[in-house]
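Novice: the following block contains a protein sequence and its predicted model.
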Amino acid sequence: MIFVTGATGLLGRVIVLELLKKGKKVRASKRASSNLDEVKKSFKFYTEYPAFFFKKIEWVEVDFDDEKSIEIALRDVGEVYHCAGKISFDSKDDEEVYHAGVTATKNLLSACKASSVYKFLYVSSAAVMDLTNQYGMLTEQSLFDHQKDHSAYVISKYMCEQLVKSADSLRFRTVIVSPGMILGSGNWKQSSGELLQIFIDTPFTFSGGTSCVDVRDVAKISLLLMEQNVFGERFIISSENKKYTQIAHEIREKIGKKNSIVLTKKHLKCLIFLNILFGWLIAKLRLLTKANIDFVSSFPKASNKRIKEKLDYNFIPVAESIDFHIGNYIKDKNKNKQM
């Protein structure tokens, strides 16, 4: 039995589906508020048999603060894919971000080590890596810069990585994947699934850039690492490095919208005072923090050399990924209009 946390999220659901395609038995975590119908519908983007595979999932509601609840979820489980966590860059959510990330991961690891689990994959983020090599690239050896301002989300990912690394042992093996910005279909209005919707709806973009990767690549690579027993390491999962302006243009062009207006670091810094004055009232203004501004104004380029060599893997090009997911988005929206 394989246990997947965060199984209703953009990545978790695709990992679940890829495991089911391989004939694996999957137990998947969900929240009480999770929309399982939405997950089932999103399977149609990745398989011709969405209902068939969805029926094979054993769903379980897990309280990661409750030792007994986790213990029940891990019964007869040999492998864990830990995708759960809260994605937010709003300072109001900082406590929840730490709790859903660090506390939940600590409790899950503790329960795993007392169970039958012997393989554990943790989904981190390329944003945890700060210091580049002599070629100006982020690699698996890049360290977290403790002197730099980071969001609670990035700090929580770093702290979780340390927990996972320290848990690795001869009996309980761990591996970490660090994806760039994930492009995927479904879950359009929540968490990382909201990404395409933001690029479509927002007339502004930023001067920085990021590494990008298709959700299908992250899922397949995660499975390959576990199947090939590659442990005690972390891997950057990235297809290409792209400026936000490039991503926004490619996405908005597909739906016939004008190019976004670029907000530079200087522009954003001038707006910080709005957060101070009105952040308590307007949620979006709380995103105007130094850490967030630095993040969207920088362009750290990530190297995918190590994972390509390790698995002899070929990534889906970002343009092809955008075509696929925007096509799914348009079909979904048109279908909803007709209903």
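Specialist: Here it is on my side, so go on. Numbers count the residues shown, from 1 in each chain.

Novice: what about L20, which SS state?
Specialist: Of the three states, L20 takes helix according to DSSP: H, G, I helix; E, B strand; the rest coil.

Novice: how much space separates the residue nearest to it when sequence neighbours are not counted from F299?
Specialist: Leaving out its chain neighbours, the residue that sits closest to L20 by CB to CB, 6 or more residues apart in numbering is F53, at 4.6 Å. Bear in mind the C-beta positions are built from the backbone N, C-alpha and C, glycine included. In this structure, F53 and F299 are 38 Å apart, going by CB to CB, to the nearest Å.

Novice: likewise for N133?
Specialist: 16 Å.

Novice: between the two, which one's more packed in?
Specialist: F299 (16 against 11; other CB atoms under 10 Å).

Novice: tell me what the spatially closest residue to the more buried one that is not a sequence neighbour is bridged to.
Specialist: Of all residues not flanking F299 in the chain, G209 sits nearest, at 3.7 Å (CB to CB, 6+ apart). Beta bridges link G209 to K243, judged by DSSP bridges.

Novice: count of neighbours near G209?
Specialist: 20.

Novice: wait, what's in contact with it?
Specialist: 241-244, 246, 299, 301 (CB atoms under 8 Å, 6 or more residues apart in numbering).

Novice: run the last query once more with 7 Å
Specialist: The contact partners of G209, by CB atoms under 7 Å, 6 or more residues apart in numbering, come to 241-244, 299.

Novice: then L11?
Specialist: 83, 123, 182, 215, 218-219.

Novice: then E71?
Specialist: A111.

Novice: so which helix or strand takes in it?
Specialist: Per DSSP states H and E: E71 is located in helix 67-73.

Novice: buried residues, that helix. List them.
Specialist: 69-70, 73 (16 or more other CB atoms under 10 Å).

Novice: reformat the residues you listed as CSV; add distance to D37 and pLDDT.
Specialist: Below are the buried residues of helix 67-73 laid out as CSV (distance: CB to CB, whole Å; pLDDT from 0 to 100):
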residue, distance to D37, pLDDT
S69, 24, 92
I70, 26, 93
A73, 22, 93
